[in-house]
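Participant: Quick one: sequence and predicted model below, then my questions.
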Amino acid sequence: MTRKPGPQDREVARSTKATTPVRPYKDSSRIHRDALRWLANQDGRPVFLFLNLFDAHTPYLMPDGCAQHFGLSPESRADYSLLNAFWGADKHRLSPRDIELARDAYDDCISHMDAQVGQFLEELERRGTLRNTVVVITSDHGEQFGEHQLFGHASSLYRGEVHVPLLIVAPGRVPEGINVRQPVSLRNLPATVLDLLGQRDSPRFPGTSLVRHWDPSAVSVDPETDPVLSEVAAPAKNNPNNGRSPVFRGSMSSLILDGKVYIRNGDGHEELYELETDPTESVNLASRKEAGPALANARAALNQALKSERHRD
């Protein structure tokens, strides 16, 4: 004998249905829509447009209706709850599947954001705007998902957090297909944009133009005056690793020099890694006797870079 479903059954179904948490950010499709509407009202005037896309931030959830692209997808209320609380969760208590789900969700968000940027540029091209526009695409940080037993960002100066993409599109100004393998600093972007706009002699921003990497006629720069420097200040303003982040031991500084990455923690602990052959920074050379000269050079260069930065301030 079968029983007719009652209100209690519908209540159980509602409680087990996967529900997406409310996202705290405006997604990139809405930002691009608003930007295009704003551009249409500028009557052809020169403009500076800064779009800050947050799709790849926690809780790592794409807008409803978007297809998943990588690995695991959230399927249950528990999965959505995990992603919604991932930043503050004790990562030592998460299962390998939990971490894989978060990493795949992050990749999904990056893929979605990449597609949205592509559509935005296609629309600029359709309007005839792109050919007279300098486009810079970059990020303020990366994200860690267990590398060095760390998660999130603003917790260390390992490559997973500070190595970010940088793309510059400037038809007629930047040759197509140029791939600069040498590490550069984002602090050089304002000077680079001015240079690409033909304003090389305008009042200067800190940093030096990156045009020298593809224009042989550009002024060369002494690496000592243009360091690839990274810093993260203590006390930390966020805590994705429940107090285990290196920055909780004090402010950190890092410098790339002669193909090596040098990191100095706030407690004085030093790390030295080969940039090309050890991209995951797995082998710390700082304690090896043969690395002594390279370590001393990196230490002196970082001290000089920090001194110069403080003097500019």
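Facilitator: Everything's here; your move. Numbering: from 1, shown residues only.

Participant: what's the span of stretch 54-61 from first residue to last?
Facilitator: Length of stretch 54-61, first residue to last, CA to CA, to the nearest Å: 11 Å.

Participant: Show the residue spans covered by the helices in the stretch 101-250 of the chain.
Facilitator: Remark: helices assigned in the stretch 101-250 of the chain by DSSP state H, counting those that start in this stretch are 159-162, 189-196.

Participant: Figure out how far the last one is from the centre of its chain.
Facilitator: Between the centre of helix 189-196 and the centre of its chain there are 20 Å (CA atoms, centre = their mean, to the nearest Å).

Participant: Would you mind pulling up the elements that that helix packs against?
Facilitator: Helix 189-196 sits against strand 135-138, with contacts defined as 3 or more CB pairs under 8 Å, 6 or more residues apart in numbering; DSSP states H and E. (C-beta placed from N, C-alpha, C; glycine too.)

Participant: neighbouring contacts of the strand it packs on?
Facilitator: When contacts are defined by CB atoms under 8 Å, 6 or more residues apart in numbering, strand 135-138 is touched by residues 117, 121, 164-170, 186, 189, 192-193.

Participant: partners of it in the sheet?
Facilitator: Strand 135-138 has these partner strands in its sheet, going by DSSP bridges: strand 166-169 (antiparallel).

Participant: what pLDDT, on average, does the strand it pairs with get?
Facilitator: Strand 166-169 comes out with an average pLDDT of 95.

Participant: circling back to that earlier point, JSON lines for the helices of the stretch 101-250 of the chain, including distance to Cys109?
Facilitator: JSON lines is the format used below for the helices of the stretch 101-250 of the chain (distance: least, CB to CB, whole Å):
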{"stretch": "helix 159-162", "distance to Cys109": "16"}
{"stretch": "helix 189-196", "distance to Cys109": "24"}
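
Participant: In a markdown table: the ones you listed, plus mean pLDDT.
Facilitator: Below are those laid out as a markdown table (pLDDT from 0 to 100):
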| stretch | mean pLDDT |
| --- | --- |
| helix 159-162 | 96 |
| helix 189-196 | 93 |
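
Participant: returning to what we had before: quick check: PyMOL command selecting the buried ones in the contacts of strand 135-138.
Facilitator: A single PyMOL command selects the buried members of those (16 or more other CB atoms under 10 Å):
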select buried, resi 117+121+166+168+170+186+189+192+193
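
Participant: how about the strands in the stretch 201-313 of the chain?
Facilitator: With DSSP state E, counting those that start in this stretch, the ranges of strands along the stretch 201-313 of the chain come out as 228-232, 252-257, 260-264, 270-274.

Participant: Oh, that last question was meant for the stretch 1-150 of the chain, not what I typed.
Facilitator: Counting by DSSP E, counting those that start in this stretch, one finds strands in the stretch 1-150 of the chain at the ranges 135-138, 144-145.
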